[in-house]
Structures are given as C-alpha cells and as structure tokens.
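Undergrad: got a sequence here, can you build the structure:
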Amino acid sequence: MAASVRIDGLPAGFSVDRAYWLAQASDLAYKGEATIEQQARAWGFATVRHHQTRFTPPFPLEDAQAYTLASETMIVTAFRGTEPAQIKDWLSDATTPPWPGPANTGYVHYGFAEALNSIYPDLKDTHAQLRSNGQSVYFTGHSLGGALAMLAGARMYLEDPRLAADGVYTYGQPRTCDRLLAAAYNKGFKERMYRFVNNNDIVPQLPPEPVYTHVDALRYIDSNGTVHESMSLLGGLTDRAKGLTADLFAPASDGVRDHSIHSYLAALEKNVT
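TA: Predicted coordinates:
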C-alpha cells in the first residue's frame with residue numbers, strides 16, 4: 001500500500017489528499033480482517049468494527065462487507081466492492097426492479113437496497129456507540145462499495161439529518177438511484193459528496209438510464225491521471241477516445257482496467273499536494 005496521507009487536520013470540503021487517503025481505505029476493504037486492523041493501527045485508529053452478512057442464492061453477491069474505523073477525531077466506514085465482470089452482469093439485468101429509497105425518498109436498485117439493509121442495523125449501532133466525541137464522519141467505497149457508501153450516507157441523513165456525514169467519497173460507483181433521490185441527496189450533501197470516475201471505467205455507465213441516474217459532484221480523472229472538477233462534453237469524448245488507444249490490441253479492456261481501485265489510487269497519487 002502506498003504511503004498514507006493523514007487527513008485529520010484537513011479543512012472541510014473537497015481535498016485531493018483526503019480523496020487519495022479514502023481511496024486507500026476503499027482498497028483496504030478488499031483485504032482480510034487482520035490486515036485491516038493492522039493498517040488501522042498504523043493510521044492511528046484504535047477501534048475497528050467489521051460488518052458482514054452472507055447471502056444465499058439466487059442473490060448475485062456472496063456477501064456484503066464493510067468496516068468502521070474510529071479515533072478521537074474521525075470515524076470512517078469503508079464498503080467493499082465486487083469484481084467488474086460480476087457487477088457488470090448484475091447491473092445489466094433488465095429484470096431487476098427499483099426499490100423504495102431511504103426514508104421512502106425515490107427509488108434505488110434492488111440489489112443495492114438489499115446489500116445495505118443486510119448490514120445497516122449493525123452499522124448504525126456502531127456509529128451510535130463510537131460517535132461520542134463529535135468526530136467527523138466519512139463514508140467511502142469502490143464499485144459496489146461506492147453505491148453502498150452513497151446510500152448509507154443518504155439513509156442516515158434522510159432518517160435523521162443530525163446524523164449527516166461530513167463527506168462521502170466514491171470511486172467507480174454505478175448509477176444507484178432515481179432522479180428524486182438524487183435531487184434530495186444533492187441538496188443534503190452539497191460540497192460533501194465526491195464521485196470519482198476514471199476515464200473509461202465501465203461500471204459508472206451502469207445500470208442504464210433513464211431509470212437510474214448519478215448524484216452530482218463528479219470528479220473526472222482523465223487519461224493522463226489528472227483530476228478535473230468539470231469536463232466539457234467534447235473534452236470528455238476526446239479524452240475517452242484517447243484512453244481507448246492505451247492498448248491497441250485490446251481497446252475494449254480499457255473499461256475494466258480503468259475500473260480497478262489500483263488505477264484510481266495511481267491516478268490520485270499523482271494529484272496529491
């Protein structure tokens with residue numbers, strides 16, 4: 001794992017340093033419990049809680065996993081993602097119905113709702129127990145983990161605005177909800193939600209519109225690894241075409257390659273101040 005950037009003293013609002021650190025936390029969610037706990041201590045977090053629920057067929061995921069780190073100043077919950085091929089097939093399933101969103105606001109993808117519901121009671125109890133010192137709270141995740149991070153933040157905020165997180169940072173997040181929930185989320189999380197998309201990453205293009213959409217606050221990573229707060233339509237199309245030429249023998253692989261959390265980490269590390 002790359003050297004960590006400590007973010008305890010960073011001001012509120014967007015920070016590439018914080019984005020890089022939380023991407024590391026998202027990557028850590030793919031590791032085993034012992035590795036997570038060892039890294040947590042190295043980062044200065046004395047408390048670690050693990051959240052896991054296993055599903056049974058025909059649900060397309062083997063389990064839902066996340067972990068929560070807590071210190072005297074900060075609480076971070078990171079959600080684990082899933083393999084690109086698995087989530088691509090799952091999100092492309094046209095038979096998957098929308099499901100009522102948090103606090104009955106709008107609709108979300110059924111699979112996301114079920115995955116979050118399976119660990120949310122434990123997650124909420126953990127935050128209630130650990131948030132005893134006015135700590136800042138962040139949710140983060142890659143791929144499916146990004147969708148769950150966004151929905152966890154939405155659920156806590158919409159059910160009790162006093163529990164609103166200080167920030168949600170996601171990487172390669174799929175389309176997660178309908179326009180009604182997205183509008184409520186954009187209002188509640190203005191300048192606190194940051195959704196990173198790496199060039200031709202295939203997963204943020206799924207599930208198809210118009211049933212599902214993205215929340216705002218896009219941070220686009222171009223083919224050179226530079227983070228942009230905005231990108232014109234023409235500029236984005238040109239840059240994505242450039243990314244496709246990175247491997248002339250397998251241009252279609254760029255969408256999967258760009259989805260890797262390691263690709264996000266490599267790009268963000270270039271932008272750290």
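Undergrad: pLDDT weak spots in the stretch 51-200 of the chain?
TA: Within the stretch 51-200 of the chain, the stretches with pLDDT under 70 are 55-62, 83-96.
Undergrad: what about 80?
TA: Flagging of the stretch 51-200 of the chain using pLDDT under 80 yields the residue ranges 54-63, 83-97.
Undergrad: for it, what spans make up the strands?
TA: Residue ranges of the strands in the stretch 51-200 of the chain, as given by DSSP state E, counting those that start in this stretch, are 63-70, 74-79, 98-100, 107-109, 136-142, 167-171, 193-198.
Undergrad: measure how the fifth one sits relative to strand 63-70, angle-wise.
TA: Our comparison of strand 136-142 with strand 63-70, counting by axes from the mean of the first three to the mean of the last three Cα atoms, to 10 degrees, yields an angle of 150 degrees.
Undergrad: so which bits of strand 136-142 are buried?
TA: Ser136, Val137, Tyr138, Phe139, Thr140, Gly141, His142 (16 or more other Cβ atoms under 10 Å). Using the backbone N, CA and C atoms, a C-beta is placed for each residue, glycine as well.
Undergrad: equivalent analysis for the third one, please.
TA: Judged by neighbour count using 16+ other Cβ under 10 Å, the buried positions of strand 98-100 are Pro98.
Undergrad: try the first one
TA: Burial within strand 63-70, assessed by neighbour count using 16+ other Cβ under 10 Å, is assigned to Ala64, Gln65, Ala66, Tyr67, Thr68, Leu69, Ala70.
Undergrad: what about Lys31, how many neighbours?
TA: As a burial measure, Lys31 scores 15 neighbours (other Cβ atoms under 10 Å).
Undergrad: now it, nearest residue through space, not along the chain?
TA: Nearest residue to Lys31 in three dimensions, chain neighbours excluded: Gln39, at 7.8 Å (Cβ to Cβ, 6 or more residues apart in numbering).
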